Structure formats: structure tokens, C-alpha cells
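**Student:** build me a structure from this.
(2 chains)
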2 protein chains.
Amino acid sequence: MDEYCIIASERGKRPSDFASEKPVRSVSDCVFCAGNEDKTPLATAVYKEGGVLVDTEGSLVTGWDIRCIPNLFPALSPKPAILPEDLAVSQWSIQEGFGYHEVIVESSIHGRMISDFSDDEMSLLMRVYRDRVSHYRSQDGIEHVSLFKNWGERAGASLDHTHSQLIALPILPPSLKREQDAIHAASGCPYCDIVGTESESVRLLYENSGAVAICPHFSMSPFEVWILPKQHVNHLANCTDEMLRLIGDAIRFVVSRYDVVLGSPSYNYMFHGIFDDDSYHLNVRLHPVLSTPAGFEKNTGIYINTVVPEAAASYLKG
Amino acid sequence: MDEYCIIASERGKRPSDFASEKPVRSVSDCVFCAGNEDKTPLATAVYKEGGVLVDTEGSLVTGWDIRCIPNLFPALSPKPAILPEDLAVSQWSIQEGFGYHEVIVESSIHGRMISDFSDDEMSLLMRVYRDRVSHYRSQDGIEHVSLFKNWGERAGASLDHTHSQLIALPILPPSLKREQDAIHAASGCPYCDIVGTESESVRLLYENSGAVAICPHFSMSPFEVWILPKQHVNHLANCTDEMLRLIGDAIRFVVSRYDVVLGSPSYNYMFHGIFDDDSYHLNVRLHPVLSTPAGFEKNTGIYINTVVPEAAASYLKG
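**Tutor:** Predicted coordinates for the structure are as follows:
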């Protein structure tokens, strides 16, 4: 069966580590803050004053706007551990955990949130997203780059300084492969159809000249929102600066509404795109974390959502 | 694309309801306790002194061992709401939420846990599981019955009196359909192979004459355990009393080890089976809730697990 999980044992956790696991909330210890650049691995890309720099041993860039660093506890690694030879694997295919895992520190200022970002900050973040996924796509052996943001403890963020992450994978994830197959079998782009239909519906939450934000029929979780570029484009890597600006504007709008209407919930947002397949339509999915996936979801893969999308849109519009 | 979610708006939640959502922890208010039978819908099956009874208006069974009641806030209903006619659904298929949702109250005693259960109690629970899934399978329009237990707040339990749930569905869930297809394409039963291989491995956690409990290679979450009957059987519905007893014994063993080694964590367990397909092999999956699915999991469907299964088995064996 075409399913994967990643066993990432770098943290070497013991049972007792889980009970005490709490996000780091102390500002002075924050390794993502300006002034603590020496407390992380060397930055692989530092955005400063319109340019891009890198850290080198003994010369760490300061005064930066956005800083990209390898994850200290990577899910996948360019130099993965060698697999032991004595694994009994007859029914499973086991492979070394090759890939990359990067953290994008979105601001040097602790406590700054996406909803605080200026137009320029949001546009820069979107361009950094495009740059970094494109960079990792060009590495040998990489087929897909997952780009996402975890904000808040319930969304899985272990540090509260605003950041996004990307994980570069040697495979296209099966869920995306299935969606790709369905799109290839469809006549026309389903997402273009959604843009057209939902622009006129009560499920439309926000719209600018380049993007719509909707509460979709297929809402897995309460107050889920999708952001779709109006113009068909398959991936962030192929977006113009202007398209990025408008998608970023929509993301900031939705997150700001979550903060106001839902009381600053934890949330995730995820970019869904497929490199090198023009039939796909880039989409961003935002999930405030308001419910807990439980046995039914783990048993069936079907999510129960207690808020109808029409009501979600109405509440979020205010 | 063959994916589903369930929009269950019966609870009519507003944004403010999520912030205040806390599990009910007061014993005196517990609607699952003996003496509070009048605070739930009429029981559809009550197990008492070796027999099976039902509640009727004005005559509620007391002194019971296990009590099965319709969920007051069902995800699916035998009489679902009529869909509004003005939904724009061109890209999605929307259908009424037909099905059944039942709660199985496993004990009349508040605070009693699976790990406390006697052999007789555990065997009875397993027979009730078999009875109730078989009952719902026989209803018109039902294709699949999901059976699962949520224990603890982080596992999605909103009430802390020990209970399981079943949701009867008009479809086979897509995830199970994909696994079915993979098994049909395989030569021989992959789960029978796993029983054979893993019985000899360091990933074996427990074994009795009818079942094995293993920490599988495909562990989506830390300390995940699978329980497999040694004898090939496709579904609970086709298990003998003795097979049920031995599967139940293994479930109780694993949950007891979670309590001791992991400090009584929240957990889910789920039964995976397919009616009317002899090629499938019943399996029970247990997930203590020790980590939070985050943006990567929601983006890719691939789970990151920080504990290797060999270490998990070693810790759980103690």
C-alpha cells in the first residue's frame, strides 16, 4: 500500500520526555531572536536589506529581516543515518530518511505575528517561500517540498517565535499523487471551477484582484479556509511577485480574522502545489486548531466537522 | 477525488463555544453513570446478567454491565437533515448524512478503566463490540462500521467515563478501500506475513495463544501498537468467543503498559476490518496521544514519529 511515515529518532526521546514536553515560552532563551544567531545551525539564507546572504563560521549575519536555518532536529536529512542490517522488513519497504528540513524565521522580533506584518513584510515572506521551495526542488533527489506554518501549541509549534518550515522529500506524497490523478482524469481544472463558483457564494470570505479566500464545502475542520489564486498556476515557484503579494495579503487577512473572531487560536497553514505539472492549481489551506482528531478520523481518514462552511464564512466576515 | 468529510452541525457551535470547550469531569453530572439512565436517549442494547435488553419509554434497565445508547450529538443519523437546495456543489458531491452513531458505555462504574477490567468484563466488552457492529452492518444502506475508543482529553474524549463508539457508514472509507485494493493485488495476506515475521522480532510486545501485539515498522505515532489475531479472520463479526477473548486480553495488556510506562496517557484504539471480504485481516491499532499532528502531516498525509518501533517495544516491555 502506498503510504509512508517518517521515523525521526534524532531526538532520542524516552517515555518520560513526552510527559514533560512543553513549548519554550521564555523570550530570553529564544534561539530565533535577533542576537541569538550563534545558538542555531548556520543560516542557509538570510534576507537583509533586499539581498540574500549566508552565514559562515565566524561570520553570522545580523540585522536580518528573515532567516532560514536547518532544523536542529530534522525529520529528514541530506546525510541520513545508515539503516541497521537486521531489520526484518518483508512486508514493508524501508528507506533511509533522505531530504532537507528548514526553518524560516519570519521576523527577528519576538512576539511579532503574521497579522502584524506590513505589506512589505508579507510580500517579502512570500518571496522567501518561493525562493526556498525552488532552491530545494533543484537539489538532487528531491521530488516535492512541503511548506507549512505551525502557530501555537495546539498546532504543533514547539517554539512561539513566528516561523514556517519546509521539508524537502524524495517522493511526491501519496495524498497529492491521488489528487493529481483525479485532476488528470477531470475535464478542466476543478480549482478554477471553484474560484468561479465560490466567488459568487456565501462561502466567499475575502477577495482581492489576485486571490479568493473561501470556506470550502470540503472543510475537514471548523473554520477551515482555502486561498486560491484566481489565475491558474501550479506552484509557488511559478508565481510572479504580484501574485505572491496578493496571496500573502489574503493569508494575512484570514489569520487576522482568526485572531479576532476565534480568539487567537493555534493554526496551521499549508501550501499545496505540484512542481512540473501545469494541470495542478496552487492552493493554501488554513486550519485553526479547534477540535481534536480522534479514533474515528484515525480509523477512517474521514474528518467530522461541527461547523458548516456557510456559518464559518459568516462568522469570519463578522 | 475520492475523499470525504462529515459536516455535523447538530451542536450548532458558535466561535465562542470552542474557546470554552472542556471535557466534563464532574462525576455527579456523568450521564453514563448508573442511576443517570434517564439523562441519555433510550438504550438500544443493555447487557445485564448474560442477557440483552432494551430500554423503553418509562422502563429503563438498571443494574447493567454494558449499555449502548445513540450518541446525543451524532456525526451521522438515520434521519439526516434535508440538504438545502441552494448549495452550489458543482465540484463536490454532497449527500445527506445518513448513518448511525452509538456510544458503548463499557462499565456502570465511573473511574473504572480498561486496565482494571477482569477477564470476564473484557470478554463481555469484546462480544458487545462484535454484536453491535454486526447489528449495524445488517441495517439497510450500511456498508461499513467504524469502531473505536477515545480515552482522555487529548484523544478527543469529551466525557471521561469509559466508553467506546461506533459510527455506521453508507460507504467503505477510501483509506480502507485503498488498503483493500493493495491486499487484493498482493500474493497472500500481508498481515499473516507480519504475524509470522514479527513474532520473532524485537518489535513483538506481547503474545498469547490467539493474538500478537507488535510495535510495527509503519508506526505513525510514538508507541503505536498493532494487535493481530494469529488466525486469519477478516472482521470482528467473524471471530469466535475464544478469539475475542484473546484479542481483548492483548488490548488490556497494551493499555495497561501505556498506563505504567507512559503515565496513563490519552489514547485511541481502532478496529480495522472489512465485512464480506475474506482477504482482509482484522487488526486493532492503538495510538497513545503523545504528539500533535501539525502542518506537515496535514500537508502530506505523512506522519513524523520520533520513537523507533524497536525502542517503543523495549520501553513498553519494561
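
**Student:** is the longest helix along chain A positioned near chain B?
**Tutor:** Using DSSP state H, we find that the single longest helix of chain A is helix A:241-262. Yes. Using CB under 8 Å from any CB of the partner chain, we find that helix A:241-262 touches chain B at A:261, A:262. To be clear about C-beta, it is placed using only N, CA and C from the backbone, and glycine gets the same treatment.

**Student:** and if you look at stretch A:198-212?
**Tutor:** Yes. Applying CB under 8 Å from any CB, one finds that stretch A:198-212 is in contact with chain B at A:198, A:200, A:201.

**Student:** and the nearest residue to residue A:259 once chain neighbours are set aside, how far from chain B?
**Tutor:** Spatial nearest neighbour of residue A:259, excluding adjacent residues (CB to CB, 6 or more residues apart in numbering or on different chains): residue A:115 at 5.3 Å. Residue A:115 is 16 Å from chain B, where distance means CB to the nearest CB, to the nearest Å.

**Student:** tell me the buried residues in the longest helix of chain A?
**Tutor:** A:243-255, A:257-259, A:261-262 (16 or more other CB atoms under 10 Å in any protein chain shown).

**Student:** same thing with stretch A:95-113?
**Tutor:** In stretch A:95-113, counting by 16+ other CB under 10 Å, buried: A:97-108, A:113.

**Student:** give me the buried positions along the helix or strand of chain A with the lowest mean pLDDT.
**Tutor:** One helix or strand of chain A scores below all others by mean pLDDT, DSSP states H and E: helix A:15-19, with a mean of 75. For helix A:15-19, burial by neighbour count (16+ other CB under 10 Å) applies to A:15, A:18.

**Student:** immediately after the longest helix of chain A, which helix or strand?
**Tutor:** Proceeding N to C from helix A:241-262, the next assigned helix or strand is strand A:267-272, under DSSP states H and E.

**Student:** what pairs with that following strand, parallel or antiparallel?
**Tutor:** Sheet pairing of strand A:267-272 (DSSP bridges) gives strand A:144-151 (antiparallel), strand A:283-288 (antiparallel).

**Student:** just give me how far the first one sits from the chain centre.
**Tutor:** The chain centroid and the centroid of strand A:144-151 are separated by 2 Å, computed with CA atoms, centre = their mean, to the nearest Å.

**Student:** next, the angle from it to helix A:241-262.
**Tutor:** Put simply, strand A:144-151 runs at 40 degrees to helix A:241-262, going by axes from the mean of the first three to the mean of the last three CA atoms, to 10 degrees.

**Student:** give the next helix or strand downstream of strand A:144-151.
**Tutor:** strand A:163-169.

**Student:** partner strands of that following strand, with direction?
**Tutor:** Partners of strand A:163-169 in its sheet, by DSSP bridges: strand A:100-105 (antiparallel), strand A:144-151 (antiparallel).

**Student:** all strands for chain A, in order.
**Tutor:** A:5-7, A:45-48, A:51-53, A:66-70, A:100-105, A:144-151, A:163-169, A:204-207, A:211-214, A:225-229, A:267-272, A:283-288, A:303-305 (DSSP state E).

**Student:** out of those strands, the one nearest residue A:82 is which?
**Tutor:** Evaluated over those, closeness to residue A:82 peaks at strand A:5-7, with 13.9 Å, by CB to CB.

**Student:** picking that back up, any chance of a markdown table for the strands paired with strand A:163-169, columns mean pLDDT?
**Tutor:** A markdown table is the format used below for the strands paired with strand A:163-169 (pLDDT from 0 to 100):
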| stretch | mean pLDDT |
| --- | --- |
| strand A:100-105 | 98 |
| strand A:144-151 | 98 |
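
**Student:** got the ones you listed as CSV, with distance to residue B:294 columns?
**Tutor:** Below are those laid out as CSV (distance: least, CB to CB, whole Å):
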stretch, distance to residue B:294
strand A:100-105, 13
strand A:144-151, 5
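
**Student:** hang on, the earlier thing: tell me the one among the residues of stretch A:198-212 next to chain B nearest to residue A:238.
**Tutor:** Closest to residue A:238, out of all of the residues of stretch A:198-212 next to chain B and judged by CB to CB, is residue A:198, at 22.7 Å.

**Student:** the residue nearest to that closest one when sequence neighbours are not counted bridge partners, please.
**Tutor:** Nearest residue to residue A:198, sequence neighbours excluded (CB to CB, 6+ apart): residue A:214, at 4.4 Å. With DSSP bridges as the criterion, residue A:214 is bridged to residue A:204, residue A:226.

**Student:** where does chain A have low pLDDT?
**Tutor:** Counting by pLDDT under 70, the ranges of chain A that qualify are A:1, A:10-12, A:19-26, A:85-86, A:88-91.

**Student:** from the centroid of it, which residue is nearest?
**Tutor:** Nearest to the mean C-alpha position of chain A, by CA atoms, centre = their mean, lies residue A:148 at 0.7 Å.

**Student:** ok, it - contacts?
**Tutor:** A:164, A:165, A:166, A:268, A:269, A:270, A:271, B:294, B:295, B:296, B:298, B:299 (CB atoms under 8 Å, 6 or more residues apart in numbering or on different chains).

**Student:** and which of those residues is nearest residue B:160?
**Tutor:** Set against residue B:160, the nearest of the contacts of residue A:148 by CB to CB is residue B:294 (26.1 Å).

**Student:** ok, back up a step: for the longest helix of chain A, enumerate the helices and strands it packs against.
**Tutor:** Under the contact definition 3 or more CB pairs under 8 Å, 6 or more residues apart in numbering or on different chains; DSSP states H and E, helix A:241-262 sits against helix A:119-137, strand A:204-207, strand A:211-214, strand A:225-229, strand A:267-272, strand A:283-288, helix A:309-317, helix B:15-19.

**Student:** what about the residue lying closest to residue A:117 once chain neighbours are set aside, distance to chain B?
**Tutor:** Among residues not flanking residue A:117 along the chain, residue A:252 sits closest, at 6.0 Å (CB to CB, 6+ apart). To chain B, residue A:252 is 17 Å away according to CB to the nearest CB.

**Student:** how near is residue A:252 to residue A:213?
**Tutor:** 11 Å (CB to CB, to the nearest Å).

**Student:** phi, psi of residue A:61?
**Tutor:** Residue A:61 adopts backbone torsions of phi -70, psi 130, taken as degrees, to the nearest 10.

**Student:** picking that back up, quick one: the residue nearest to residue A:117 and residue A:113 touch, right?
**Tutor:** No. Between residue A:252 and residue A:113 there is no contact under CB atoms under 8 Å: 9.8 Å.

**Student:** got the buried residues for stretch A:164-172?
**Tutor:** Buried-residue list, stretch A:164-172, by 16+ other CB under 10 Å: A:164, A:165, A:166, A:167, A:168, A:169, A:170, A:171.

**Student:** then it to PDB, C-alphas only?
**Tutor:** Extracted in PDB, the C-alpha atoms of stretch A:164-172 (Å, rounded to 0.1, in the frame of the first residue of the first chain):
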ATOM      1  CA  SER A 164       7.400  28.500   8.900                       C
ATOM      2  CA  GLN A 165       9.000  25.200   7.900                       C
ATOM      3  CA  LEU A 166       9.800  23.300   4.700                       C
ATOM      4  CA  ILE A 167      10.600  19.700   4.400                       C
ATOM      5  CA  ALA A 168      12.000  18.600   1.000                       C
ATOM      6  CA  LEU A 169      11.100  15.000   0.100                       C
ATOM      7  CA  PRO A 170      12.400  12.400  -2.300                       C
ATOM      8  CA  ILE A 171       8.800  11.400  -3.200                       C
ATOM      9  CA  LEU A 172       5.600  13.100  -4.100                       C
END
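
**Student:** residues in contact with it?
**Tutor:** A:4, A:71, A:75-76, A:98-104, A:106, A:125, A:129, A:132-133, A:136-137, A:139, A:141-150, A:180, A:274, B:295-296, B:300, B:302.

**Student:** correct me, but the residue nearest to residue A:259 touches residue A:255?
**Tutor:** Yes. The pair formed by residue A:115 and residue A:255 meets the contact definition of CB under 8 Å, at 5.3 Å.

**Student:** ends of stretch A:104-112, how far apart?
**Tutor:** End-to-end span of stretch A:104-112 (CA to CA, to the nearest Å): 14 Å.

**Student:** do I have it right that residue A:241 meets residue A:120?
**Tutor:** No. Contact criterion CB under 8 Å: residue A:241 and residue A:120 do not qualify, at 11.9 Å.
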